[in-house]
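Student: Sequence below, structure please.
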Amino acid sequence: MTEARKINPVHLLAAIVLLAFVWRAVFIYRPIGWLTNFWLFEDFGYSLKIAKNIALSVGERPSPAPGWVDTEQPFAIYGLALMSSIPGSTACFTTERPVDLRFLRDASSGVANLYRDGKPLAKVDLYAPVTDTTYKYHVAGDEHAHEYVVEVAQEKNPASATREVGFDAILER
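Tutor: Sure, this is the predicted structure:
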């Protein structure tokens, strides 16, 4: 007679943790639209740095245009954010879906101009006396592809120290 083999709880826990890391690597850092036609996560956070090299369901982001710099930021979802204080600097992306644009708001933040298909959409004053690293500007989608542009504005809030815009991520809703 053979004896039933008992599962070691430590090995079971290690296997679950390993599967969780594999799940995260496959479904968060890789596009799976071809497999499921939708994303399987609540946050849908896409780092602008990662978006540079991966086709996302919210569209690809081109490399930062002149005037923008990828900088390490502790508030950024994946540790990097686009930063610029040069008026007229733009970052572009295309999507047909509703998204949240995540910005840094603090005492030295300026104003971001948002455009949809070349037409003004909004002026977002990012000045805040207290730092807010989770501020999101909501953009409605209408199932038609639109090009969105985030531009560092010429003007700034009079209370702001600079015109700097910190653009962290495009978050699908």
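
Student: Helices of this structure, start to end?
Tutor: Taking DSSP state H to define them, one finds helices in the chain at 9-27, 33-36, 48-51.

Student: so what's Gly110 up against?
Tutor: With C-beta atoms under 8 Å, 6 or more residues apart in numbering as the criterion, the residues that contact Gly110 are 85, 126-127, 152-153, 155-157, 160, 162-165. Placement of C-beta: from N, CA and C, glycine included.

Student: Show me which of those residues is closest to Glu96.
Tutor: Minimum distance to Glu96 across the contacts of Gly110 is 24.5 Å, recorded for Val165 (C-beta to C-beta).

Student: Quick one, grab the pLDDT at the closest one.
Tutor: pLDDT, Val165: 94.

Student: Show me the shaky parts of the chain.
Tutor: For the chain, the stretches with pLDDT under 70 are 1-4, 21, 23-65.

Student: I'd like to know which of the contacts of Gly110 are buried.
Tutor: Neighbour counting over those (16 or more other C-beta atoms under 10 Å) leaves Ser85, Leu126, Tyr127, Val152, Ala153, Lys156, Ser160, Arg163, Glu164, Val165 as the buried ones.

Student: what's near enough to touch the closest residue to Leu101 other than its chain neighbours?
Tutor: Excluding the flanking residues, the one nearest Leu101 by C-beta to C-beta, 6 or more residues apart in numbering is Tyr137, at 4.6 Å. Under the criterion of C-beta under 8 Å, 6+ apart, the contact list for Tyr137 reads Asp100, Leu101, Phe103, Leu114, Ala122, Val124.

Student: Point out the ones among those residues that are inside strands.
Tutor: Counted as lying in strands by DSSP state E, out of the contacts of Tyr137, are Asp100, Leu101, Phe103, Leu114, Ala122, Val124.

Student: Grab the nearest non-local neighbour of the first one.
Tutor: Okay, so that is Asp100. The shortest distance from Asp100 to any residue that is not its chain neighbour, by C-beta to C-beta, 6+ apart, is 3.8 Å, and that residue is Lys136.
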